[in-house]
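Peer 1: sequence? don't have it. structure:
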């Protein structure tokens, strides 16, 4: 088991609602990345935070936003939920100063949008 | 054409078999190549990573990268039922990381 935790484990929302997902990084890691994994697909990079600043973003609309806190925990916020947002949302943490090759994933939050 | 192509399988082998998993990619800028294992309803678990071309061995697992062919492989020796999972290849350049769709592997006792 990695030291990365996520909450909640499961969530059901309706279209148009807003959702906040949370991630606690592994101890000593100051970089966190968020991914969306649709069923039967590999994870897709949403964005990365390094020392509380956004440090790169994938091809996701602005209604996907995030925060990283001084203790390096992180939130992913999604506004105006759409049915296609149903997926497993993963966060991954890594030590600062290196690339994503050493990142460790949490167990994910499974979001269902009805 | 997807940036990272991975045969989704499913792949079923008997216990003790050698398993070969592969990915191809199109972006020559990728520098790091990773293999993750993902059990059902769990997050991906990093197995190993390789920088640039070459081989890397860790126990029963061997990763190979051929940048000239844009082709990476993971070999599992003496496969065990506990190896049954989805295997994801991934590659990165900076913080731009791309995953394959994953290959579902079943090792039968």
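Peer 2: Nice, I can see it. Because the structure is a prediction, the values reported are computed rather than measured.

Peer 1: in chain A, where is pLDDT below threshold?
Peer 2: Low-confidence segments of chain A (pLDDT under 70): A:1-2, A:96-101.

Peer 1: interface residues of chain B facing chain A?
Peer 2: B:4, B:6, B:8, B:31-32, B:34, B:36, B:41-46, B:49, B:51, B:88, B:90, B:92, B:94-102 (CB under 8 Å from any CB of the partner chain). Just so you know, the C-beta spots here come from the backbone N, C-alpha and C atoms, and that holds for glycine as well.

Peer 1: which intervals of chain B have sub-threshold pLDDT?
Peer 2: In chain B (pLDDT under 70), the answer is B:1.

Peer 1: which residue does it have closest to chain A?
Peer 2: At 3.1 Å from chain A, residue B:99 is the closest residue in chain B, using CB to the nearest CB.

Peer 1: ranges for the strands of chain B?
Peer 2: Using DSSP state E, the strands of chain B run over residues B:4-6, B:11-14, B:19-25, B:32-38, B:45-51, B:54-58, B:61-66, B:71-76, B:85-93, B:96-99, B:103-108.

Peer 1: just checking, what packs against the shortest one?
Peer 2: Think strand B:4-6. strand B:19-25, strand B:85-93 (3 or more CB pairs under 8 Å, 6 or more residues apart in numbering or on different chains; DSSP states H and E).

Peer 1: for residue B:100, which non-adjacent residue is closest in space?
Peer 2: Closest residue in space to residue B:100, ignoring its immediate chain neighbours: residue B:6 at 3.0 Å, by CB to CB, 6 or more residues apart in numbering or on different chains.

Peer 1: thought the one you found was touching residue B:89?
Peer 2: Yes: using CB atoms under 8 Å, residue B:6 is in contact with residue B:89, at 5.6 Å.

Peer 1: show me what contacts residue B:81?
Peer 2: Residues in contact with residue B:81 (CB atoms under 8 Å, 6 or more residues apart in numbering or on different chains) are B:15, B:107, B:108, B:109.
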